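# Could you work out the structure for the sequence below:
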Amino acid sequence: MKNNISFYILVCISLLCNAQSYDFKTIVDLDATDIISQGNTGTCWSFSTSSFLESEIIRLTGKHIDLSEMYIVRNTYPKKAWNYVMRQGKAQFSEGGLAHDAINSVKLYGLVPNTTFKAVMDEKGRFNHSKLIDTLKTTLDQFIKAPKQYKSTWQQDVNTILDLQIGENINSFTYNGISYSPMSFLEMTKINPDDYISVTSFLHQPFYSTFILNIPDNFSNGSFYNVPLDDLVNIVNNALKKGFTVELDCDVSEKTFSAKHGLAIIPIDGQDQLQALTTVTPEKAITQKFRQEEFENYNTTDDHLMHITGFLKDQNGTIYYKVKNSWGKNSDRIGNNGYVYMSEAYFRLKTISIMVHKDAFFKHLKE
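Here you go, the predicted structure:
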């Protein structure tokens, strides 16, 4: 018994001695605007896509422009409301959305800088939409229940609510001494909404084809290009190496996705998850089949959208994506200056989709 105890102690000492804290080396680090917080809202889809477009503007023009996320949100809610009413309330109505919803808004309503759209904030100076959905849904349900008895038009009532809780729309403004409309401002940024492609990787649809991804937040029935998992990873790596950042939709419900530690990993079974966030830990090998199983059993859902701006390697050569989050920075709950270093294993398992400029694709995928 004493020999067994001694052996166990030696094994523990050996493991502790071999434990390595993470040591990252930056490989690619592309230009991005400063991190801001989405506050008490479910509008990560607008914050992340706006950040993605801000990096695209830097790439295309060299200009650093802080875009208004709430202008995009303000112009997307009427589309959500229309979908809900026309489906007679038999559809999800929530704060959630996807990257292509922001792109659709940009195509129809242009862009405006953050300084010109007067977004509504609470007394703490943050975005707070805690009552927005309930207020909107109550109005829409009243119309759906008795449309002939509804005293005004639901569209007008929705716009009034949005004006009060998000901000009033604008048609013209001045930026750096020049007068713009939202569409002329879009033209100045060189952003072409038709240049951006949503890509995913699932087995229930044929590869190298497009399909409507049936997830709850895809209220606008956006299409996704379906590729094998290795291609999805290679598209991201190729894009970053060529100077293109990447929009990301993924699941962040895992205990090993930690904003506090600024890390997202998939340790092998049996590993101490808390310890894995501070010391280098072996990760699972993620297959296409396992990825599909986790999606179909709801372990992987479209929780959150973020923005990939580069990648790093740890001391063992493992790739981690530098992911810009929208939960703020420099607080007790947010580490790594608001960024999350996401391992390739986590990306392979938990990514729902990406969005990237068409020029970042491999030639054979473009064709």
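
# how about low-confidence regions in the stretch 251-367 of the chain?
Along the stretch 251-367 of the chain, segments meeting pLDDT under 70 span 363-367.

# Do you have the strands of it handy? List them.
Counting by DSSP state E, counting those that start in this stretch, residue ranges of the strands within the stretch 251-367 of the chain are 257-258, 263-264, 304-313, 319-324, 339-343, 351-357.

# can you put the ones you listed in a markdown table and add distance to Ser37 and mean neighbour count?
To be clear about C-beta, it is placed using only N, CA and C from the backbone, and glycine gets the same treatment. Listed next are those as a markdown table, based on distance: least, CB to CB, whole Å; neighbours: other CB atoms under 10 Å:
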| stretch | distance to Ser37 | mean neighbour count |
| --- | --- | --- |
| strand 257-258 | 17 | 21 |
| strand 263-264 | 19 | 24 |
| strand 304-313 | 13 | 24 |
| strand 319-324 | 12 | 24 |
| strand 339-343 | 14 | 24 |
| strand 351-357 | 22 | 24 |
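
# Redo those as CSV? Include distance to Tyr109.
Shown next, in CSV, are those (distance: least, CB to CB, whole Å):
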stretch, distance to Tyr109
strand 257-258, 33
strand 263-264, 33
strand 304-313, 20
strand 319-324, 24
strand 339-343, 30
strand 351-357, 19
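
# Quick one: closest of the ones you listed to Pro182.
strand 351-357 (21.1 Å; CB to CB).

# Output the closest one as CSV, restricted to C-alpha atoms.
Extracted as CSV, the C-alpha positions of strand 351-357 are listed here (Å, rounded to 0.1, in the frame of the first residue of the first chain):
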residue,chain,number,x,y,z
THR,A,351,-18.7,26.6,-35.5
ILE,A,352,-22.1,26.9,-37.1
SER,A,353,-20.9,29.1,-40.0
ILE,A,354,-18.5,31.7,-41.2
MET,A,355,-18.8,34.7,-43.5
VAL,A,356,-15.9,35.8,-45.7
HIS,A,357,-15.2,37.9,-48.7
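
# Show me what it pairs with in its sheet, parallel or antiparallel.
strand 196-200 (antiparallel), strand 246-250 (antiparallel) (DSSP bridges).

# gap between that strand and the chain center?
Chain-centre distance of strand 351-357: 9 Å, with CA atoms, centre = their mean, to the nearest Å.

# could you give the angle of it to strand 339-343?
Here strand 351-357 runs at an angle of 110 degrees relative to strand 339-343 (axes from the mean of the first three to the mean of the last three CA atoms, to 10 degrees).
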